[in-house]
Structures are given as structure tokens and as C-alpha cells.
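Asks: Next come a sequence and a model predicted from it.
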Amino acid sequence: MVEWQQEVQDPGEFLSNLKIDLYPEEVYTFTPKGKVVVLPRDATPVDFAYAIHSEVGETCTGAKVNGRMVPLRTKLKSGDIVEIVTAPSHHPSRDWLGFVTSTRARQRIKHWLNLHQRQRAIEIGRKLLEREARRFRLSLKSIDEKDFQRVASEYGCAKPDDLMAGIGYGKYAARNVVGKLVPAGKEREAEPAAEKEAAEKGFTNAVRRVLGVGPGAGTRSEDSAPIRVMGHDDLLVYRARCCNPIRGEEIVGYVTRGKGVAVHAKSCSNLNTLMYDPDRRIAVEWGKPSRREAAAEPTYPVSLNIFCDDRFGMLKQIAAVISDDNTNIQNMAARTGNLQATIDIVIDITDLAHLERIIANLRRIPGVRDVQRVHHV
């Protein structure tokens with residue numbers, strides 16, 4: 001390549017020749033000044049920016065490839081000349097984790113998100129603790145640092161800031177933490193406020209039952225919770241819409257700010273993007289159904305795509321297979337063309353075994369080529 005560069009006088013001709021992939025796993029790109037930047041295959045301008053410098057990556061707002069503005073998720077090719085547009089006020093986005101390919105870019109994005117969101121969580125946790133401490137006529141400044149460290153250790157946190165962050169993320173209840181910090185004899189002073197809070201909690205639980213959202217583990221009606229948060233109580237739990245997990249699937253919890261714990265299936269394609277912050281992961285499990293739920297067999301709406309031949313009686317057979325399993329059909333639509341059909345159907349499923357049985361029976365219908373569960377990204 002050095003000899004070749006000396007022989008070729010025209011820089012444009014040299015760059016055009018370099019567009020041939022020198023190695024299939026790498027992409028050779030250039031800065032406007034001609035510096036070579038080696039990136040993994042399918043790398044994007046964000047990977048390029050972080051390869052130049054972390055500050056360039058963190059302030060990246062756009063990119064020009066070969067003189068033209070392109071989206072940040074554009075895949076680069078060998079020979080591309082890349083120019084990064086930056087702005088001091090711009091910051092990394094969590095969405096970038098969905099398309100960057102280089103280890104450096106991914107780690108730097110995660111580090112920035114963890115650092116800044118953790119600081120925000122610590123601030124929120126401190127405010128929640130201060131508000132709870134006022135019920136006991138206490139100030140956090142009056143509590144000894146050793147007591148904070150002791151309580152943090154009880155929660156498995158290395159430092160008080162870790163405990164504050166956990167409260168801010170919603171993993172720990174502020175009132176429980178303050179209860180461990182309150183000196184003996186102060187509990188009685190907070191009894192009137194505690195009674196009021198208990199009444200509000202009862203109202204909140206009633207609203208949750210109406211909305212169909214179960215409380216976390218540790219509550220009195222523990223067995224009635226469809227999903228339990230292990231080791232924590234009174235956390236709002238909801239099933240993520242992207243993967244719509246059903247009973248029987250392996251699940252994982254992700255603490256969202258202001259919405260509670262989002263429960264995803266472990267097979268969810270969004271987990272790699274969401275789980276950048278280990279502090280926001282939380283263990284969850286399917287709770288035991290209550291007597292009322294067991295009798296009614298609660299169901300979950302599941303979307304299926306059925307790929308089949310476009311022939312007479314196909315819809316009738318599909319509907320018969322589903323109804324013979326005592327399964328309700330919420331919605332059904334078909335698209336046809338070239339003697340082929342795609343049927344979109346939403347059915348009520350009780351658990352994973354029920355879903356697998358329905359899919360297996362549908363695949364046995366003559367002319368059905370495949371049945372796939374739909375996950376919304």
C-alpha cells in the first residue's frame with residue numbers, strides 16, 4: 001500500500017481504489033484531512049466520532065459522508081470520507097445503543113448514561129428521603145454518616161449514594177429506609193401521618209386493582225399479584241408492550257422513572273438497549289394466581305402472523321382450531337396476493353404452554369407454512 005500510494009499521484013484515485021474491502025470484518029474510513037479510521041463492519045458515524053475522541057462522540061449531532069448529510073445510523077463503507085458535526089450542548093442518546101457496533105462507542109455511551117442518570121437518581125432519592133424524614137421531624141443533616149452506611153449495607157449497597165440512587169430509581173421505598181434511620185421513640189410522633197398514609201395506600205391499591213396492575217411482593221395480598229418484585233414491596237409493576245410477556249415466560253424487571261417496574265421477556269429484542277444500567281435491573285417472577293384469578297383464568301392478548309396458502313376455507317379452519325381450544329379471537333385480518341396469504345390475528349392466551357399448543361395446532365393445518373408471534377419494537 002505504501003508503494004502504491006507513492007505511485008498514484010491523484011489522491012482521489014487512491015481513495016477510490018481503497019474502497020475495495022481490504023478485510024471483510026473491518027471498514028476503512030477517512031477524516032476530511034485524510035487520516036484513516038479503522039472501524040468494525042456495519043459501523044456508523046457515531047462509532048467514527050467516538051473513534052476520533054470521546055468528546056467528539058458525546059457532542060455528535062450529525063454527520064456528512066462524502067460531503068452529504070446522512071442519518072447517524074447510516075452504515076459506513078470502506079473509502080467513505082466522514083465529517084462529524086458537533087454541538088457543545090448535545091449529549092449521547094440511549095437510542096444510539098441500538099445501532100453502534102464498536103466496543104469503544106458502546107462503553108462510552110453506557111458510561112455517560114450511567115453517570116448522568118445516576119446523579120439525577122441520587123438527587124431524587126435524597127429529596128424523597130428528606131420529605132419522608134419530615135414526618136419524623138428530622139433533618140437528614142442530623143443523621144450520622146455511620147448510620148447511613150449501616151443502612152446502606154443492610155440493603156446491599158456499598159455507599160450511601162448507592163442507596164440514594166436505588167431510592168431514586170424506585171428500587172427501595174424511602175419510608176422503609178427512614179424507618180431504619182429513625183432514633184428510638186420517634187416512631188410515635190409519626191403515627192398520625194402513618195395512619196393517613198395507610199389510608200392513601202389502601203386507595204392506591206384499590207385503583208391498581210381496577211386498572212389490573214398488581215402490587216409488588218411483600219404486600220398483604222401477595223398471592224394476588226400477577227408479577228412479584230422479589231425483595232421489595234409496593235412497587236408499581238406493568239408488562240412491557242414491546243414483548244408483552246405471558247405467564248410461563250422468563251422475565252426480567254427494568255425500573256423506569258415515574259412509571260414503576262417494566263417487565264420484559266428475557267427474549268425481548270429491546271433488552272440490550274434498555275439494560276445499559278445495571279442499577280435499574282430488578283428481579284421479578286410470576287406470582288401465584290389468587291383464587292379469583294385461578295377460577296377466571298386471566299388471559300393476555302397475543303398477536304400472531306400466519307403465513308399460508310390463499311385457498312378456500314383457510315380462515316374457517318384457522319378459526320376452528322383456535323375455538324376448539326376454548327380460545328377467544330379478539331381480531332383477525334388477512335392480506336392476499338400471488339395465491340399466498342398473511343393473516344394477522346390477536347387471541348387471548350393464558351400462559352406459554354397454551355400459546356405453544358395453539359401455534360403447534362395451527363402449523364398442522366394443510367397450507368400453513370409458518371406461524372410467528374409478533375413482538376412490537
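Replies: Arrived safely.
Asks: Next up, the contacts around Glu239.
Replies: You called it Glu, but residue 239 is Arg. With contact taken as Cβ atoms under 8 Å, 6 or more residues apart in numbering, Arg239 is in contact with Ile227, Pro245, Ala262, Val263, Tyr300. In this view, the C-beta of every residue, glycine as well, is placed from N, C-alpha and C.
Asks: Among those residues, name the ones in helices.
Replies: Among the contacts of Arg239, the subset assigned to helices under DSSP state H is empty.
Asks: Report the two of those separated the most.
Replies: Pairwise distances across the contacts of Arg239 (Cβ to Cβ) peak at 15.4 Å, for the pair Ala262 and Tyr300.
Asks: what about these two, which has more around it?
Replies: Ala262 (23 against 18; other Cβ atoms under 10 Å).
Asks: Tell me the pLDDT of the more buried one.
Replies: Ala262 is assigned a pLDDT of 81 by the prediction.
Asks: pretty sure it contacts Cys243?
Replies: No - judged on Cβ atoms under 8 Å, Ala262 makes no contact with Cys243 at a distance of 10.0 Å.
Asks: Quick one: residues contacting the nearest residue to Ile143 once chain neighbours are set aside.
Replies: Distances taken as Cβ to Cβ, 6 or more residues apart in numbering put Leu181 closest to Ile143, at 5.4 Å, once the chain neighbours are dropped. Taking Cβ under 8 Å, 6+ apart, we find Leu181 in contact with Ala133, Leu138, Ile143, Asp147, Phe148, Val151.
Asks: Contacts for the strand or helix carrying Leu163 next, please.
Replies: Using DSSP states H and E, Leu163 sits in helix 160-169. Under the contact criterion Cβ under 8 Å, 6+ apart, helix 160-169 has outside partners 118, 120-126, 128-129, 145, 148-149, 151-152, 155, 157, 172-174, 177, 255, 257, 279-280.
Asks: 7 Å instead, please
Replies: 118, 121-126, 128-129, 148-149, 151-152, 155, 157, 172, 174, 177, 255, 279-280 (Cβ atoms under 7 Å, 6 or more residues apart in numbering).
Asks: Heading C-terminal from it, find the next helix or strand.
Replies: helix 174-181.
Asks: So, low pLDDT: which residues of the stretch 101-250 of the chain?
Replies: 183-225, 228-235 (pLDDT under 70).
Asks: Mind doing that once more with 50?
Replies: For the stretch 101-250 of the chain, applying pLDDT under 50 flags the ranges 186-196, 198-225.
Asks: Distance check, the residue nearest to Ile143 against Ile251.
Replies: Leu181 sits at a distance of 33 Å from Ile251 (criterion: Cβ to Cβ, to the nearest Å).
Asks: And Ser303, by the same measure?
Replies: Between Ser303 and Ile251 the computed distance is 18 Å (Cβ to Cβ).
Asks: neighbour-wise, which of these two wins?
Replies: Neighbour totals were compared for Ser303 and Ile251, and Ile251 leads with 22 against 16 (other Cβ under 10 Å).
Asks: ok, that one - contacts?
Replies: Counted by Cβ under 7 Å, 6+ apart, Ile251 has contacts Pro245, Val263, His264, Ala265, Lys266, Val284.
Asks: same thing but at 8 Å, please
Replies: By Cβ under 8 Å, 6+ apart, the residues touching Ile251 are Ile227, Pro245, Val263, His264, Ala265, Lys266, Val284, Glu285, Trp286.
Asks: So what sits opposite it in the bridge?
Replies: Ala265 (DSSP bridges).
Asks: Next, work out how far apart His53 and Glu285 are.
Replies: 44 Å.
Asks: the more surrounded of those two?
Replies: Glu285 (15 against 11).
Asks: Helix or strand: which one has that one?
Replies: Using DSSP H and E, Glu285 falls in strand 284-286.
Asks: could you say what helices and strands that strand packs with?
Replies: Packing partners of strand 284-286 (3 or more Cβ pairs under 8 Å, 6 or more residues apart in numbering; DSSP states H and E): strand 227-229, strand 251-256.
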